[in-house]
Structure formats: structure tokens, C-alpha cells
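**Student:** This is a predicted model, with the sequence first.
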Amino acid sequence: MEWPLMTYIHGILVGWYCFMFLLSLYGQYIGQTRYNSKQRSKPKSSQLSAVEAEGVSILRPLKGIDLELEHNLRSSFTQNYPLFEIIFSVASADDPVIPIVKRLMKEYEKTVDSRLIIGERHVGINPKINNMMTAYQTAKYDIVWILDSNVHVERDTLGRSVDQLQLPGTGLVHHLPIATKPGNYAAEIEHLFLDTNHAKMYLAINGVGIASCVVGKSNLYRRSDLDRATQGVGLEAFGKYMAEDNLIGEALWRLGLKHRMSADRACQVLGPISLQGYCARRARWVRLRKYIVTAATLVEPMTESIVCGLMGAAGCRYFFHVSMPWFFFFHWSWWFTNDYPHNDKEDALHHHRRLPWFKFLRAWVSREVLALPLYLYAIAGTKISWRDQDYRCISDGSAVALFSPPNK
């Protein structure tokens with residue numbers, strides 16, 4: 001006997017809900033076990049001599065003064081690893097970041113090999129790649145660690161990452177991006193987004209390991225592997241794209257090289273931000289991803305608590321005659337309970353206390369309610385803003401700059 005179409009549809013709804021339920025639990029499990037300080041092993045690579053260890057070139061592209069910039073940059077100098085260099089790159093000679101970099105280089109000149117490159121090489125629309133090109137091409141070592149200026153890392157991060165990169169079949173090592181020290185209500189929403197739903201999904205997808213899923217705040221890979229993936233072009237091949245991190249990860253993945261995550265986080269201090277700024281950032285990344293990872297972007301609303309809960313409620317009402325309001329109430333309560341442990345401990349890495357439960361609840365509800373309207377707004381448009389410049393995304397995943405007419 002054939003099932004009617006509605007039975008199939010509601011069966012898919014229930015199946016998707018169960019899948020998301022298990023995926024959320026899996027992400028939560030990874031988050032609670034991998035990043036427990038008592039579980040993290042000491043890196044083997046850090047115990048080698050400078051002769052035995054693989055050298056690493058740390059590339060830090062800079063523009064302007066990010067919040068707690070000196071602390072972020074200092075975390076590169078203090079890495080517990082026997083052989084590395086740091087290359088800072090800045091596009092403009094009058095950038096206010098230059099005195100800070102020079103002061104740190106002077107402070108560590110006897111212990112850390114570091115240099116500053118001023119001036120960019122224009123190879124495409126992506127300002128980050130233009131800024132890094134000379135640093136990338138003149139790096140001493142095959143392993144490069146591209147580390148954004150607005151994040152800091154623990155001193156054993158490099159050693160643990162090299163350990164992971166040396167495992168057979170590995171082409172890229174990346175770290176969990178998290179937000180710390182929110183300075184106001186809008187920043188608390190951003191904090192909750194990165195540290196709960198985004199963290200769970202990021203960990204779960206990478207844990208399953210069926211596709212490339214990379215955020216570019218902190219990535220290590222070998223230049224020789226990227227050369228193979230781009231027929232010798234290297235980093236320059238990604239200059240016309242704004243989401244170079246995703247595309248680099250995919251290029252290495254297509255070589256058959258897997259991605260791994262070490263037990264480390266890339267931590268960004270938020271401070272105060274505007275609600276408009278939060279919304280603009282969320283819209284920017286949806287608009288970038290919709291041309292690069294289209295399928296994943298299209299199903300994104302169904303991974304959020306409201307749409308996913310409504311799907312489960314509709315399916316369970318059809319099969320089990322469960323009240324939709326009651327199902328959704330228990331679903332949302334469970335989703336909140338699953339997210340809260342990410343906020344449940346003080347973080348020894350950045351010494352930031354967890355949010356009080358009422359602030360967590362306020363920010364969590366705001367984040368969940370805003371998710372679908374922001375997604376729909378982002379899908380409908382193509383304009384993004386990045387470092388005070390506007391761009392228009394186009395269908396091949398690249399972008400073009402939008403220049404405002406001069407003031408009369």
C-alpha cells in the first residue's frame with residue numbers, strides 16, 4: 001500500500017527534526033569534551049628542537065587598531081614552539097597599527113623572528129589577500145598560519161596545530177572561533193550566536209567530516225599543498241573572492257586532504273557593538289555563502305530553533321497527534337538547555353566570566369527571533385560592507401567594489 005504524499009512530507013519533517021536533534025547533541029558533546037583544559041594534551045611538536053621541528057610562518061594581516069590589538073598580537077610572540085617567524089602586513093604606511101607592531105617586534109627581537117611589510121600587492125578584490133600577498137610569497141617556511149588581527153590564541157595552539165597537520169591525509173587545521181567580553185546588549189547577541197548555535201553546528205559538521213567547513217580566523221596549511229590545488233598559482237588564485245577561507249578549504253579538500261580542528265579556540269573580544277552592526281555582519285556572511293555553498297545556505301533556516309521546531313511540531317502532530325504549541329514549548333526549552341552549557345563555565349583562556357542567566361536568556365531569545373528575518377533580508381540582497389568599503393556579490397562567488405560618488 002502506497003503512502004499518501006502528506007505522509008511522506010511529514011515523515012521528512014520528523015526525520016529532519018531528529019537529525020538536527022542528534023547533530024546538536026553531537027556538537028554539544030564535542031564542545032564539552034575537546035575544549036576541557038584537563039583533557040587537552042601537551043603538544044609533541046613543541047618538545048622538539050629547532051632542528052627537528054617543521055618551521056611555521058605566522059601571517060597576521062592588519063588594518064587599523066582592533067579591540068585589545070596588542071594582546072592579540074602578543075599571543076603570536078609567546079607561542080610555545082621551537083621554530084617560527086611572524087610576518088605582519090599592512091597596506092598603508094600611515095596606518096596607526098604600525099607603532100604598536102614595531103614596539104612588540106622590538107620587545108621580542110632577541111627571541112622571535114619577526115618582520116613588518118608595508119604596502120599591498122593588488123591581485124583581486126579581496127583586501128585581505130592583497131595585504132598578505134608579499135608576506136605569503138616571502139615566507140620562510142612551507143607551513144603558514146593565517147591569523148586574523150582581532151583574535152588571540154593560547155600559547156600551545158601552534159604546537160597542537162602542527163601535531164594535527166602532520167597526521168596522514170591532513171591538509172588544513174583550523175580553530176573554533178568564539179566571542180568574549182560583550183560590551184552591550186547587541187554584543188551579547190553576537191556572543192551568543194558565535195558561542196552557542198554557530199559553535200555547535202561548526203563542531204558537529206567538522207566532526208562528521210563529510211565536507212569542507214572552514215572559518216578563516218585561524219587556519220594552518222602548507223603552501224606546497226595550496227600550490228598543487230591551484231596549479232602553482234597559490235594564494236593569488238583566491239584574490240577575486242571575498243570568502244577566500246571557504247574556497248581555500250574546498251580546494252584542499254578536493255585534493256583528498258581532510259581538515260582537522262585542534263583543541264584550541266580563536267578568541268575575539270567584542271566590546272560594545274551596535275545592533276545594526278550585528279545585523280550587517282550576519283547578512284554579509286549569508287550573502288557571501290549563498291553563491292559559494294549554496295545548498296548549505298538554503299537549508300540554514302531549517303537548522304535554527306524556530307523553523308526546525310515548527311517542522312518537528314507539524315510532523316509530530318500528523319503522526320502522533322501532539323499539540324503543536326506544547327511540542328514547540330518543550331522543543332525550545334530543550335534547545336535553550338542544550339545551548340546553555342556553552343556559557344556554563346568561566347573561560348580560563350581569556351578570563352571572562354559567563355553571562356548572568358537573565359542576560360543569556362535575553363540575548364538567546366533575541367538571537368533566535370532575529371535569525372529568520374535576517375536570513376530572508378540577506379538572501380534578497382547582494383551588497384556587503386567590509387572594512388569601510390561596499391561590495392556587490394556576483395553569482396560566481398566573486399565580488400565587485402561599489403564606489404560612492406565624490407562629495408560636491
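**Tutor:** Received, thanks. Numbering: from 1, shown residues only.

**Student:** Strands along the stretch 1-150 of the chain, start to end?
**Tutor:** 56-62, 84-90, 113-118, 143-147 (DSSP state E, counting those that start in this stretch).

**Student:** What pairs with the shortest one, parallel or antiparallel?
**Tutor:** Strand pairing for strand 143-147, using DSSP bridges, gives strand 56-62 (parallel), strand 218-222 (antiparallel).

**Student:** How about the second one?
**Tutor:** Taking DSSP bridges as the criterion, strand 84-90 forms sheet pairs with strand 56-62 (parallel), strand 113-118 (parallel).

**Student:** and among the ones you listed, the most buried is which?
**Tutor:** A comparison of the strands paired with strand 84-90 by mean neighbour count, using mean count of other CB atoms under 10 Å, puts strand 56-62 on top with a mean of 23. Every C-beta, even on glycine, is put in place using the N, C-alpha and C of the backbone.

**Student:** Quick one: mean pLDDT for that strand?
**Tutor:** Strand 56-62 carries an average pLDDT of 98.

**Student:** go on, stretch 341-349?
**Tutor:** Per-residue scores along stretch 341-349 average to 52.

**Student:** sorry, back to before: out of the strands paired with strand 84-90, nearest to Ile205?
**Tutor:** strand 56-62 (25.8 Å; CB to CB).

**Student:** Quick one: distance of the closest one to the chain centre.
**Tutor:** In terms of CA atoms, centre = their mean, to the nearest Å, the centre of strand 56-62 is found 17 Å from the chain centre.

**Student:** Likewise for stretch 233-253?
**Tutor:** Taking CA atoms, centre = their mean, one finds the center of stretch 233-253 at 15 Å from the center of the full chain.

**Student:** got a list of contacts for it?
**Tutor:** 123-126, 128-130, 132-133, 136-137, 171-172, 174, 211-216, 219, 221, 223, 225-227, 229-230, 259, 288-289, 292-293, 384, 386, 391, 393, 397-399 (CB atoms under 8 Å, 6 or more residues apart in numbering).

**Student:** returning to that earlier point: quick check: which of the strands of the stretch 1-150 of the chain is nearest to Ser49?
**Tutor:** Nearest of the strands of the stretch 1-150 of the chain (CB to CB): strand 84-90, 13.5 Å.

**Student:** circling back: would you format the strands paired with strand 143-147 as TSV with distance to Phe360 included?
**Tutor:** Shown next, in TSV, are the strands paired with strand 143-147 (distance: least, CB to CB, whole Å):
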stretch	distance to Phe360
strand 56-62	32
strand 218-222	26
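
**Student:** out of the ones you listed, nearest to Tyr185?
**Tutor:** That would be, of the strands paired with strand 143-147 and by CB to CB, strand 218-222, which comes in at 27.5 Å.

**Student:** So which bits of that closest one are buried?
**Tutor:** 218-222 (16 or more other CB atoms under 10 Å).

**Student:** Quick one: list the elements packing against whatever helix or strand comes next after that strand.
**Tutor:** Moving toward the C-terminus from strand 218-222, the next helix or strand (DSSP states H and E) is helix 223-229. The helices and strands touching helix 223-229, judged by 3 or more CB pairs under 8 Å, 6 or more residues apart in numbering; DSSP states H and E, are helix 244-254.
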